[in-house]
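In: no sequence on this one, just coordinates:
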DNA sequence: GATAATGTTAGCAT
DNA sequence: AATGCTAACATTAT
């Protein structure tokens, strides 16, 4: 579930619930469920990896973490309790293994939409400026910063770095201006390929680096290593990807 | 059946 | 006080 493009799919899947009134709300999440009852959903939105169910004066923020899932008019066969269940007069929404929070007031005060890699308002220049402030940060960590690239996750990270031929342990400040722009451009571009391929059920088939053993470009082994302060899996080719240090 | 994985944060230690 | 690291959480495919 977790990366930005998957959240777009979730948003589209539940878009039809806008306008519906919550009859009952329950679940394992530690929120005030009473608050939701008899409230009408005004909008379904997203920011990065956050799925947002908006009401007049507050918003439910759902984060799927690593294992989250949602079911529409369906319940888990395992009979496990959802983090959140929203009941409507003719339908039901179940969110499992999710972090659920209520955000008070106008949702625009909580999010800068131009930080979301999937949003029409995405502002590449803003990302450039933020990267300038962290020259010593490794590229593999920078791409995962939700403050800079909201929605980018580990798969996107690996595929983007492979595509633009940058070694994950390169320092942000060592990239040329052109290379920095290329990186940012591709972060967004691949995210939309991810969306397209996930919808078509061919996401994994199109991976070039992530979980791969052999580089498709040069036939040499793909290195698997936990990199950066975030210590997330990186898959890269030392022959094709340049270390800027 | 053990292991690792698309992620984040609370809480503890320094 | 601010910063940094680890443990914790929870599910599923391999």
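Out: Structure's in. What do you need? Remember, predicted model here, so these are calculated numbers, not experimental data. Numbering: from 1, shown residues only, chains lettered A, B, ... in the order given.
In: what residues does chain A put near DNA strand B?
Out: With Cβ under 7 Å from any atom of the strand as the criterion, chain A meets DNA strand B at residues A:1-3, A:6, A:48-49, A:63, A:65-67, A:99, A:144, A:146, A:153-155, A:210, A:230, A:232-233. Where C-beta positions appear, they are placed from N, C-alpha and C, glycine not excepted.
In: which of the residues you listed count as buried?
Out: Buried subset of these (neighbour count, 16 or more other Cβ atoms under 10 Å): A:1-3, A:6, A:48-49, A:63, A:144, A:146, A:153-155, A:210, A:230, A:232-233.
In: Show me which of those residues is closest to residue A:78.
Out: Ranked by distance to residue A:78 (Cβ to Cβ), these are led by residue A:1 at 16.7 Å.
In: And that closest one, how far from residue A:177?
Out: Using Cβ to Cβ, to the nearest Å, residue A:1 is found at 35 Å from residue A:177.
In: one step back: overlap between the residues of chain A next to DNA strand B and the residues near DNA strand C?
Out: Within the set of the residues of chain A next to DNA strand B, contact with DNA strand C (Cβ under 7 Å from any atom of the strand) is found for A:65-67.
In: For the residue of chain A found nearest DNA strand B, which non-adjacent residue is spatially closest?
Out: Using Cβ to the nearest atom of the strand, the closest approach of chain A to DNA strand B is made by residue A:153 at 2.3 Å. Among residues not flanking residue A:153 along the chain, residue A:3 sits closest, at 3.6 Å (Cβ to Cβ, 6 or more residues apart in numbering).
In: Brilliant, that's me finished.
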